[in-house]
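K.L.:
could you look at this predicted model? Sequence included:
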Amino acid sequence: MERPTLEINLSDTIEEGKLYVVDSLNNLNKLNVCPDESQHSLDEEENTVGTGENLAGSNTRKQCLFFITFVLTLIVSLALVSFVIFLILQTRNKMDQISSRLLSEKKNIEELKKMNKIILKHLNQTGIKE
């Protein structure tokens, strides 16, 4: 009974040894096949696996920044549109005031013309000529 337990322990160490040998061969292959510059790029590729969370955080920050910029743009646009509407209403009120003044002045001018005609008729009837 002791023998099977020893075999299990030996097989575990053999498996670990095989993995160690394969890993060592991979490292040697990288050193022999790849020049130093490309080795750095391979190391960076291995490191980028761990920075996936950083990229996700960066994307989240970019999305948040985009959303804040979008909201600020909407607020500024709303303010500008409100200001333009305010100016249109003010201009409309001023135009209404000016048109009402023109109408009242037109009535005054027509009354003055009537009075002028009446005065001319009166002067013509009395015989006083210019």
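P.N.:
Right, received. Where do you want to start? Fair warning: this is a prediction, and the values are worked out from it, not measured in the lab.
K.L.:
contacts only, for residue 23.
P.N.:
Residues near residue 23 by C-beta atoms under 8 Å, 6 or more residues apart in numbering: none. For the C-beta atoms, the positions are set from N, CA and C on the backbone; glycine is no exception.
K.L.:
then the one 4 residues further on?
P.N.:
Contact partners of residue 27, counting by C-beta under 8 Å, 6+ apart, are absent.
K.L.:
whatever helix or strand residue 117 lives in - what's its average pLDDT?
P.N.:
If you go by DSSP states H and E, residue 117 is part of helix 52-126. Averaging pLDDT along helix 52-126 yields 91.
K.L.:
could you check the pLDDT of residue 43?
P.N.:
Note on residue 43: pLDDT of 56.
K.L.:
repeat that for the one 3 residues further on.
P.N.:
On the pLDDT scale, residue 46 is placed at 54.
K.L.:
now residue 9
P.N.:
Looking at residue 9, its pLDDT is 57.
K.L.:
list the contacts for residue 88?
P.N.:
Going by C-beta under 8 Å, 6+ apart, residue 88 touches no other residue.
K.L.:
how much space between it and residue 66?
P.N.:
Distance, residue 88 to residue 66, using C-beta to C-beta, to the nearest Å: 32 Å.
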